[in-house]
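Student: Quick one, fold the following:
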Amino acid sequence: MQSIKPNIKPDSTDFRSVARALTIVENDLNGADQLLKTLIFKKDTPVIGITGPPGAGKSTLVNSLISNLLSKNNKIAVLAIDPTSPFNFGSLLGDRIRMSPHFNNPDVFIRSLATRGSLGGLSAKTIEMTDVLRAAGFDYIFIETVGVGQSEIDITGLADITFLVLVPESGDEIQNIKSGLMEIADAFIVNKADRADADLFANNLKKIIDQKKEQVPVFKTIALSSEGINEVTNFILSASYLKNKNKKILLAEKAYRLIQQKRMADIDKKKLLHDIEKALSHADFNLYSFVDRYSDY
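Tutor: Below you'll find the model as predicted:
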């Protein structure tokens, strides 16, 4: 295994140090544990989760939000998460293509990350890499998730604020309630608001939200032309959403994910696939018996 010095300190003024620290942590290289244990958090950096169904315009929205926050002299980091194929274990890592206007900006750091098989779109590595970015001293960190549906609730265990991005054709309000996504948002964004029935969709959304005890804002945006982005940016800058977050709950959720990762560290998915294939050659194959034997290895 490659020998890595564990005393690397990520710094938002030096993107090479940030990238190197992230690579060490993501790939569990030598020194990763020590690096994580010695992280020093210079500021209380807000972590902003952007989630929602595929095609809602999440990447374009993040791109516009970055532009607004940059105008206020902020340093921004983005983790753009793409799904890992369950068949070849690869990932396209293509969301950052839509953020190309900021690639060469010295105040914007963009990193793509695969889900590594996590159904909720967030792996334990996402937690660790987010903490590396927090320690680097960025002013805001965006986590753009895969958009895989109901299991997106994982984002609430990591982000200080969660935006649920929808579009007018996302379905009627009943479908949104059933999906479970309605429960995770600190604010809703109806993107592509120039499309038909956008106002009707936003109003129906507000009616549902009004039935709750807590008031959750609904923003209408057209991310491609940056319409409505100022209102979303002002909400982020207000920091009022932080009052509703219970730090103990967030930390407990993060700890659970990290403990889960450590306990599963010796399970190799490719080897598991090979062992399943071998076990299937026996006529008496039973999945539950296989799992029991596998757990005892």
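
Student: secondary structure element for residue 193?
Tutor: Using DSSP states H and E, residue 193 maps to neither a helix nor a strand.

Student: Would you check how far apart the residue lying closest to it once chain neighbours are set aside and residue 50 are?
Tutor: Closest residue to residue 193 apart from its sequence neighbours, by Cβ to Cβ, 6 or more residues apart in numbering: residue 220 at 4.0 Å. For the C-beta atoms, the positions are set from N, CA and C on the backbone; glycine is no exception. Separation of residue 220 from residue 50 (Cβ to Cβ, to the nearest Å) stands at 16 Å.

Student: ok, back up a step: for burial, what's the neighbour tally of the residue nearest to residue 193?
Tutor: Residues lying near residue 220 (other Cβ atoms under 10 Å) number 21.

Student: I'd say it and residue 198 touch.
Tutor: Yes: using Cβ atoms under 8 Å, residue 220 is in contact with residue 198, at 6.7 Å.

Student: if I look at these two, which residues touch both of them?
Tutor: residue 190 (Cβ atoms under 8 Å, 6 or more residues apart in numbering).

Student: pLDDT below threshold where in the stretch 1-150 of the chain?
Tutor: Residues of the stretch 1-150 of the chain meeting the criterion pLDDT under 70: 1-7, 83-101, 115-123, 146-150.

Student: for residue 295, what are its contacts?
Tutor: With Cβ under 8 Å, 6+ apart, residue 295 has no contacts at all.

Student: gap between it and residue 289?
Tutor: Counting by Cβ to Cβ, the gap from residue 295 to residue 289 is 11 Å.

Student: cool, residue 216 as well?
Tutor: For residue 216, the distance to residue 289 - Cβ to Cβ - is 47 Å.

Student: Comparing those two, which shows the higher neighbour count?
Tutor: residue 216 (18 against 11).

Student: per-residue pLDDT, that one?
Tutor: As predicted, residue 216 sits at a pLDDT of 85.

Student: just checking, what packs against the one helix or strand residue 63 maps to?
Tutor: Assigned by DSSP H and E, residue 63 falls within helix 58-70. Under the contact criterion of 3 or more Cβ pairs under 8 Å, 6 or more residues apart in numbering; DSSP states H and E, helix 58-70 touches strand 47-51, strand 76-82, strand 140-144, helix 229-238.

Student: how about residue 74, phi and psi?
Tutor: phi -110, psi 150 (degrees, to the nearest 10).

Student: so how many other residues sit close to the closest residue in space to residue 49 that isn't next to it in sequence?
Tutor: Distances taken as Cβ to Cβ, 6+ apart put residue 159 closest to residue 49, at 3.2 Å, once the chain neighbours are dropped. Residue 159 is flanked by 26 other residues according to other Cβ under 10 Å.

Student: my guess is residue 159 meets residue 79, correct?
Tutor: No: applying Cβ under 8 Å as the test, residue 159 and residue 79 come out as separate, 10.9 Å apart.

Student: Turn the helices and strands packed on helix 58-70 into TSV, columns for mean neighbour count and distance to residue 29.
Tutor: Rendered in TSV, the data for the helices and strands packed on helix 58-70 read as follows (neighbours: other Cβ atoms under 10 Å; distance: least, Cβ to Cβ, whole Å):
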stretch	mean neighbour count	distance to residue 29
strand 47-51	25	24
strand 76-82	25	19
strand 140-144	26	22
helix 229-238	16	34
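
Student: so who does the nearest residue to residue 57 once chain neighbours are set aside touch?
Tutor: Spatially, and ignoring its direct neighbours in sequence, residue 57 is nearest to residue 191 (4.4 Å; Cβ to Cβ, 6+ apart). Contacts for residue 191 were tallied using Cβ under 8 Å, 6+ apart; they are 56-57, 60-61, 165-167, 221-223.

Student: Next, residue 191: phi, psi?
Tutor: phi -90, psi 170.

Student: what are the ranges of the strands in the stretch 151-297 of the chain?
Tutor: Ranges of strands in the stretch 151-297 of the chain, per DSSP state E, counting those that start in this stretch, are 161-166, 187-190, 218-220.

Student: Surely residue 161 is in contact with residue 187?
Tutor: Yes: assessed by Cβ under 8 Å, residue 161 is found in contact with residue 187 at 7.2 Å.

Student: how close does residue 205 get to residue 58?
Tutor: 17 Å.

Student: Please say which of these two ends up with more neighbours.
Tutor: Set residue 205 next to residue 58 and count neighbours by other Cβ under 10 Å: residue 58 wins out with 26 against 21.

Student: wait, isn't the more buried one in contact with residue 48?
Tutor: No: Residue 58 is not in contact with residue 48 according to Cβ under 8 Å; the separation is 11.6 Å.
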